[in-house]
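Participant: One predicted model, sequence on top.
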Amino acid sequence: MKLNKTIVPLFTALVLVSTMLAAPTSVEARLPSAVNGQALPSLADMLEKVTPAVVNITTEDNSQTAKLNEPVFRHFFGKRMPSKKKKKLGTGSGIIVNAEAGYIVTNAHVIDGASRIIVTLKDKRQFYAKLIGTDLKADIAVILIQPERLTAMPIASSKNLRVGDFVVAIGNPFGLGQSVTSGIISALGRTGLGIEDYEDFIQTDAPINPGNSGGALVNLRGELIGINTAILGGRNGGNVGIGFAIPSDMIVNIKDQLVESGKVERGQLGIEIQDLRPALVKAFKLQNGQGALISGVASNSPAEVAGIKEGDVITRVNGIQVSNSSNLKSMIGNLRMGSRVSMEYMRDGVIQKAVALVGQVEKRNYSVRSSKRVYPQIEKKRKPPKSYYNDPWDE
């Protein structure tokens, strides 16, 4: 028997209506525990291992004084009123990097000026910390606590990082206690921000807020890749998705020096540098526009001994591309005294190589420059641009 085509849609509609009426009136939505037999990804296992290595830091500063504002004191003492000490509290974060010795790294600004440093572990144990050393130019400090049942965080090299890598920020935002946020690496090698003297920041969109300073930025393996240091905040000081962390390679170098001697000695080449302007990029025929122009060379400096001259453009250091003058400053500043550094530079349109022994350069040597060179034709019409730095950059 042949069905009428007009009856079929009506029959289908009736079946659908009856099915809907028979269904429950409310449905509870739940995330599945697995997809295709595989458990959903989670950071929980990794965080259970690494979060005990991140500590909360509280500081007290007794140097601040507050005048007694009661009227009776004002009546008797006038402007010469006595003062009383007032404790100034601060909060931040830190990372245990050596469990056997008890060493913790944090930002220098977290503990700067503190008369007492109190470290609180994840298990709520508290210790008074001893300051080992600070490097204000890079904003890194090392403190020491009693090594009792501590967990250290493994450290990965930051040279292998890539934009787009997933990261996790761990710290003590607003003094609330340990918190975890996640994001990606948004950019690498951020310099020239004016936050520190030596900058080579990792930029991340993982939410970082006040109190996260000194906390850990880790990869998905639970390895330290940076110390959370600063944010580009909104009007109310909150996070807007732009945070900066000091890379782990810089942390390790400075931490080792502070532990060994309590201070940091930075390598110097004895050069003055500046960024490349568009006219210079065209004149030097640089394809990618990256590098740093040598605007001066100190006499008897490592750079002069290596054959570097004013007008050269440094393009690579130890095989790594130099993006700008701030980048070069950080690269050389992160080298220890006595280190050998290989450089590639552009001179008269030809890439050349040199090796220098990083050392110290006295300020008076900057007043005597090596022989001056002629700039490319486009620059002969006017004087070369002055350096962005009034003083020698590596002093």
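Facilitator: Good, I have the coordinates. Please read all numbers here as calculations on a predicted model, not as lab measurements. Numbering: from 1, shown residues only.

Participant: which SS class is Lys255?
Facilitator: Put simply, Lys255 is helix when judged by DSSP: H, G, I helix; E, B strand; the rest coil.

Participant: go on, Leu193?
Facilitator: Applying three-state DSSP: Leu193 is coil.

Participant: my guess is it meets Ala187, correct?
Facilitator: No - Leu193 is beyond contact range of Ala187, at 11.3 Å (criterion: CB atoms under 8 Å). From N, CA and C alone the C-beta is placed, and that goes for glycine too.

Participant: And the strands in the stretch 151-300 of the chain?
Facilitator: 166-171, 179-190, 201-204, 216-218, 224-231, 243-247, 271-275, 292-297 (DSSP state E, counting those that start in this stretch).

Participant: can I get those strands in a markdown table with mean pLDDT?
Facilitator: Output for those, formatted as a markdown table (pLDDT from 0 to 100):
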| stretch | mean pLDDT |
| --- | --- |
| strand 166-171 | 93 |
| strand 179-190 | 90 |
| strand 201-204 | 92 |
| strand 216-218 | 94 |
| strand 224-231 | 91 |
| strand 243-247 | 92 |
| strand 271-275 | 87 |
| strand 292-297 | 88 |
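
Participant: Please name the bridge partners of Ala216.
Facilitator: Beta-bridge pairing for Ala216 (DSSP bridges): Ile170, Ile227.

Participant: can you count the residues close to it?
Facilitator: 32 (other CB atoms under 10 Å).

Participant: Contact partners for it?
Facilitator: By CB atoms under 8 Å, 6 or more residues apart in numbering, the residues touching Ala216 are 50, 53-54, 93, 95, 153, 169-171, 224, 226-228.

Participant: still on that earlier bit, highest mean neighbour count out of the strands of the stretch 151-300 of the chain?
Facilitator: strand 216-218 (a mean of 31; mean count of other CB atoms under 10 Å).

Participant: now it, how far from the centre of its chain.
Facilitator: 10 Å (CA atoms, centre = their mean, to the nearest Å).

Participant: For the spatially closest residue to Leu176 that is not a sequence neighbour, grab the count of nearby residues.
Facilitator: The spatial neighbour of Leu176 that comes closest, neighbours along the chain excluded (CB to CB, 6 or more residues apart in numbering), is Gly211 at 7.4 Å. Neighbour count of Gly211, defined by other CB under 10 Å: 23.

Participant: And for Ser158?
Facilitator: Applying other CB under 10 Å, we find 22 residues neighbouring Ser158.

Participant: Excluding chain neighbours, what is closest to it?
Facilitator: In this structure, Ser158 finds its nearest non-sequential neighbour in Pro247, 3.6 Å apart by CB to CB, 6+ apart.

Participant: Was I right to think the one you found contacts Asp200?
Facilitator: Yes - between Pro247 and Asp200 a contact is recorded at 5.8 Å, counting by CB under 8 Å.

Participant: who touches stretch 347-360?
Facilitator: 265, 267-269, 284-285, 302-303, 305-309, 311-313, 315, 332, 335-346.

Participant: starting at the chain centroid, how far to that stretch?
Facilitator: The answer for stretch 347-360 is 28 Å, by CA atoms, centre = their mean.

Participant: how about it: buried residues?
Facilitator: Neighbour-count burial for stretch 347-360, counted by 16 or more other CB atoms under 10 Å, picks out Arg347, Ala354, Ala356, Val358.

Participant: now do stretch 120-139
Facilitator: For stretch 120-139, the neighbour count (16+ other CB under 10 Å) marks Thr120, Leu121, Phe127, Ala129, Ile132, Gly133, Thr134, Asp135, Ala138, Asp139 as buried.

Participant: ok, of the contacts of stretch 347-360, which come out buried?
Facilitator: Buried among the contacts of stretch 347-360 (16+ other CB under 10 Å): 267-269, 284, 302-303, 306-309, 311-313, 315, 332, 335, 341, 343-346.

Participant: Let me see the contact set for Gly215.
Facilitator: So Gly215 contacts Val54, Gly92, Ser93, Gly94, Ile95, Ala169, Ile170, Gly171, Asn172, Ile208, Ile227, Asn228 (CB under 8 Å, 6+ apart).

Participant: Then Ile195?
Facilitator: Shown in contact with Ile195 (CB under 8 Å, 6+ apart): Asp139, Phe201, Thr229, Ala230, Phe244.

Participant: three-state assignment of Asp123?
Facilitator: Going by three-state DSSP: Asp123 is coil.

Participant: who are the neighbours in contact with it?
Facilitator: Contact partners of Asp123, counting by CB under 8 Å, 6+ apart, are Pro52.

Participant: Domain boundaries for the chain, per the record?
Facilitator: Here the domain assignment for the chain is 47-144, 158-261, 271-379, based on automatic domain parsing.

Participant: what would those look like in JSON lines with distance to Leu40?
Facilitator: As requested, the domains of the chain are arranged in JSON lines below (distance: least, CB to CB, whole Å):
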{"stretch": "domain 47-144", "distance to Leu40": "15"}
{"stretch": "domain 158-261", "distance to Leu40": "15"}
{"stretch": "domain 271-379", "distance to Leu40": "39"}
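
Participant: Of all the ones you listed, which one is nearest Pro41?
Facilitator: Nearest to Pro41 among the domains of the chain is domain 158-261 (9.4 Å), distances taken as CB to CB.

Participant: Show the end-to-end separation of the closest one, please.
Facilitator: 24 Å (CA to CA, to the nearest Å).

Participant: gap between it and the chain center?
Facilitator: Worked out by CA atoms, centre = their mean, domain 158-261 lies 5 Å from the chain centre.

Participant: go on, stretch 310-318?
Facilitator: Per CA atoms, centre = their mean, the displacement of stretch 310-318 from the mean C-alpha position of its chain is 25 Å.

Participant: what about that stretch, average pLDDT?
Facilitator: Taken as a whole, stretch 310-318 has an average pLDDT of 89.

Participant: got the end-to-end distance for that stretch?
Facilitator: Distance across stretch 310-318, first residue to last, is 20 Å (CA to CA).

Participant: any low-confidence regions in the stretch 201-350 of the chain?
Facilitator: 233-239 (pLDDT under 70).

Participant: how about the helices in the protein?
Facilitator: Residue ranges of the helices in the chain, as given by DSSP state H, are 7-22, 44-50, 71-77, 108-111, 248-261, 278-284, 302-305, 325-333.
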